[in-house]
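Enquirer: sequence-free structure coming up:
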Ligand SMILES: Nc1ncnc2c1ncn2[C@@H]1O[C@H](COP(=O)(O)OP(=O)(O)OP(=O)(O)O)[C@@H](O)[C@H]1O
């Protein structure tokens, strides 16, 4: 089943064409990556899909509904995490998660928060204010927050950018398990090619706001005569 279908999206910021004629789909259970150089248009694409900014052209359908017309219903099944989004610094970790659980209207907010605190190994940090956490610890809280409503589509902008190799490895395993067992889909951006090879079923390379190559890691490596995705990235980026 197709969860997300974006067609011919475009977005300009003044003279800058951030995204041009971009179409992509994400199916149930799939983990899909958007890759590209800094400034390629990845975050702008994600922000359009999340309804944070309005496309200049194109359409976005999720769960069979048009995002613009069924915004509340669509977005109740979606969540997002990015290291550049700050959660309230003065609140304790549990307070942040409780507040979002209530905001999302969860039926058993306490139980869900407890579940995610355990999943992301946040017990030792639960009574600390957000501002007293390291950036990697904050990332784990962001991910826990993003899973509160058990989203059918999880959008992650560089999910493991601030995590040490051990934490990154564990979180990648955990996110991969979630997609496989719950059938929920993920759309992620990352500059970590090994992470993308491990986690993603399909990859879209963006350059100058357009998708210039797409396929599985193996298909792309074959098409570009490359040993791995890192080499594909360099070949695509350098034209
Ligand atoms: N609010 C904005 N106002 C003006 N220009 C913007 C705005 N947001 C993004 N841009 C421009 O649009 C282009 C695409 O930016 P975007 O943030 O989508 O890239 P990205 O692929 O996510 O990059 P990175 O890997 O650095 O996060 C860039 O040229 C950027 O400068």
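Expert: Yep, it's here. Here the structure is a predicted model, which is why all the values come from computation and not from measurement. Residues are numbered from 1 along each chain as shown.
Enquirer: Next, the residue positioned nearest the centre of the chain: secondary structure please.
Expert: Nearest to the mean C-alpha position of the chain, by Cα atoms, centre = their mean, lies residue 156 at 1.6 Å. At residue 156 the chain is in strand, as set by DSSP: H, G, I helix; E, B strand; the rest coil.
Enquirer: For it, give me its contacts.
Expert: Neighbouring residues of residue 156 by Cβ atoms under 8 Å, 6 or more residues apart in numbering: 80-82, 143, 146, 175, 186-189. All C-beta spots, glycine's among them, are computed from the backbone N, C-alpha and C.
Enquirer: Now those residues in a markdown table, please, with extra columns for neighbour count.
Expert: Converted to a markdown table, the contacts of residue 156 look like this (neighbours: other Cβ atoms under 10 Å):
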| residue | neighbour count |
| --- | --- |
| 80 | 21 |
| 81 | 21 |
| 82 | 19 |
| 143 | 23 |
| 146 | 21 |
| 175 | 22 |
| 186 | 24 |
| 187 | 27 |
| 188 | 24 |
| 189 | 22 |
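Enquirer: Distance of the residue nearest to the centre of the chain relative to the ligand?
Expert: Using Cβ to the nearest ligand atom, to the nearest Å, we find residue 156 at a distance of 13 Å from the ligand.
Enquirer: Which of the helices or strands spans the closest residue in space to residue 5 that isn't next to it in sequence?
Expert: Leaving aside its sequence neighbours, residue 5 sits nearest to residue 61 (Cβ to Cβ, 6 or more residues apart in numbering; 4.5 Å). Element membership for residue 61 (DSSP states H and E) is strand 57-62.
Enquirer: cool, residue 234 as well?
Expert: Using DSSP H and E, residue 234 sits in helix 229-237.
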